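Trainee: attaching a predicted model along with its sequence, questions to come.
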Amino acid sequence: MTDGRTMQAIAVRPGVVGSVHAQQVRRPVLEDVRDGTGVLVRVLRCGVDGTDKEIASGEYGCSPEGDDFLIIGHESLGIVEAVGPNVHDPELQPGSLVVATVRRPGASIYDQIGLQDFTLDETYYERGIYLLHGFLAEAYVDSARFIVPLPTELRSVGVLLEPLSVSEKGVNQAYEIQRRMKIWRPERAAVVGAGTIGLLAALVLRLRGLDVTVLSRRPGPYLKSELVEAIEARYVSTSSTSIAEAAGKFGPWDLIFEATGAAGPVFEAADALGKNGVLVQSSITSGDGSLEVPGDRINRQFVLGNKVMVGTVNASRDDFLRGVDDMVKAEAFFPGWLGRLLTTPIQGLGDPEAVISHLMEDREAIKVFVDLEQPRHG
C-alpha cells in the first residue's frame, strides 16, 4: 500500500540477472524540476521491449546516482495532473494526454541544441535505461521540454509513440542524407525485421507512398504478415527467399530499414541495396561474434553506387512530433491497425515477473505493455 508520499514501481538491479521486482519509491513532485517547468504526469500505460528484456537479463543498464535500482520502462503514455508556474503551453495543462521523450541532454554541442540523440558524450542519460529512472511507475515528473502532447483520439494507441519515434528518426535521416542528391525520389523500400520497430518503419514508409517489402524469417500467414499486408505492403519470409533474391524480384530498393537485432542481415541488406540507396541500421547487436561477408563486393558497390549506410539510435523531440502526425494519418488511412500491435496487456504493477516473462516467452507478442489506467465509467 502507498501512503500518498510513496508509490509503486517496477525496477531491476542493473547487472543482476532476474532481479526485476516491485519497488516502493518516493512520489515525485513538481518541485523536482527546479526551474518551474515541471510537469507531473500520471502514467496510463507503459510499453516494454527488447531493451527492458536485456536490462532484466543483466546485459546493461545503470542506476541513477544514489540508488541501487533502476525503474525500467521508456515507452510512456500518461495524463498531466499538474504543471509548474513556468509552463505556459496550452497543450500541456492538467488533463492533457502526453508522452515523454527518453534521452536527456549531456554536455556536448549536440546536447545543447536539442539533439542529444547525437551526443558526443561517452556518458549519456536515458529514462529507464541509463542513469535515470524510467516510467514503469504510477507517476513521473519531467521538464516540459521533454513532454510531447497527443490529441485525445490517440489515447488507445499513444503508448506506441516512443517506438514509432525510432522508426521516424531512421526514415527521416535517410531523407536528410539524400538531400545531397537534389532530386532523390525513392520508390521502393525494404524493411528487414518484423518486430515492433520494423512494422512501424513499414508504416512510416507506406505513409510516404513507397512500395514496401518486409522481410522476416517466419513464414506467413500469421499476425505480423497480416499486419504488413493490411497496409498494402508485401511480406516475404527469408526462410524460403533470401534478401538478395527478394531484391531481384521487388527491388531495386532505394531505402532499406534494418531492424532484426542480428548482424548477419545487416550485411545481406548492404549487399542488396540499390544504387544511390540508403541502408538505415537500427539494430544494436550484443556479443563479439564474427561473420564472413563479401567485403570486396560490398565495398565496390557502395563506392561505385553512391550508397550510404547509417546507424540510428534514440530519437529527438521532432521525431516524436512527426510520429504524432503519422499516427493521426495511420488512424485515417488504416483504421485500427495501430491497435492491433498492442497484443499483450498486463494489468497493473502487481506482477513484475509477468512483464519480463511475456517478453522472453511469448512468441506471438508484438507490443507488451502495462496498463495502469483505471476503468472509466459513464
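Mentor: Here it is on my side, so go on.
Trainee: contacting residues for the most centrally placed residue in the chain?
Mentor: In the chain, the C-alpha nearest the mean C-alpha coordinate belongs to residue 163, at 2.2 Å (Cα atoms, centre = their mean). Applying Cβ atoms under 8 Å, 6 or more residues apart in numbering, we find residue 163 in contact with 47, 49, 75, 196-197, 200, 367. The C-beta positions use only the backbone N, C-alpha and C, and glycine is treated the same way.
Trainee: return the subset of those residues lying in helices.
Mentor: Secondary structure defined by DSSP state H assigns 196-197, 200 of the contacts of residue 163 to helices.
Trainee: show me where the stretch 201-350 of the chain has helices.
Mentor: Secondary structure of the stretch 201-350 of the chain (DSSP state H, counting those that start in this stretch): helices at 223-230, 243-250, 264-272, 295-304, 317-333, 337-340.
Trainee: for the last one, packing partners?
Mentor: Helix 337-340 makes packing contacts with helix 223-230, helix 317-333 when contacts are defined by 3 or more Cβ pairs under 8 Å, 6 or more residues apart in numbering; DSSP states H and E.
Trainee: what residues sit buried inside the shortest one?
Mentor: Applying a neighbour-count criterion of 16 or more other Cβ atoms under 10 Å, the buried positions in helix 223-230 are 224-225, 227-228.
Trainee: ditto for the longest one
Mentor: When neighbours are counted by 16+ other Cβ under 10 Å, the buried residues of helix 317-333 are found to be 317, 319-320, 322-324, 326-327, 330-331.
Trainee: quick revisit: name the nearest of the ones in helices among the contacts of residue 163 relative to residue 182.
Mentor: residue 200 (29.0 Å; Cβ to Cβ).
Trainee: contacting residues for the residue nearest to the closest one when sequence neighbours are not counted?
Mentor: Once flanking residues are discounted, residue 200 sits nearest to residue 167: 4.3 Å by Cβ to Cβ, 6 or more residues apart in numbering. Listed by Cβ under 8 Å, 6+ apart, the contact set of residue 167 reads 197, 200-201, 203-204, 257, 259, 282.
Trainee: list only buried entries from the residues you listed.
Mentor: For the contacts of residue 167, buried by 16+ other Cβ under 10 Å: 197, 200-201, 203-204, 257, 259, 282.
Trainee: residue 313 is in contact with residue 124, isn't it?
Mentor: No. Applying Cβ atoms under 8 Å, one finds residue 313 not in contact with residue 124, separated by 9.7 Å.
Trainee: the more surrounded of the two?
Mentor: Here residue 313 and residue 124 are compared on neighbour count by other Cβ atoms under 10 Å; more neighbours surround residue 124, at 22 against 15.
Trainee: may I have the predicted confidence score for that one?
Mentor: What the model reports as pLDDT for residue 124 is 92.
Trainee: pull up the per-residue confidence for the closest residue to residue 128 other than its chain neighbours.
Mentor: Nearest residue to residue 128, sequence neighbours excluded (Cβ to Cβ, 6+ apart): residue 134, at 2.1 Å. With respect to pLDDT, residue 134 has a value of 98.
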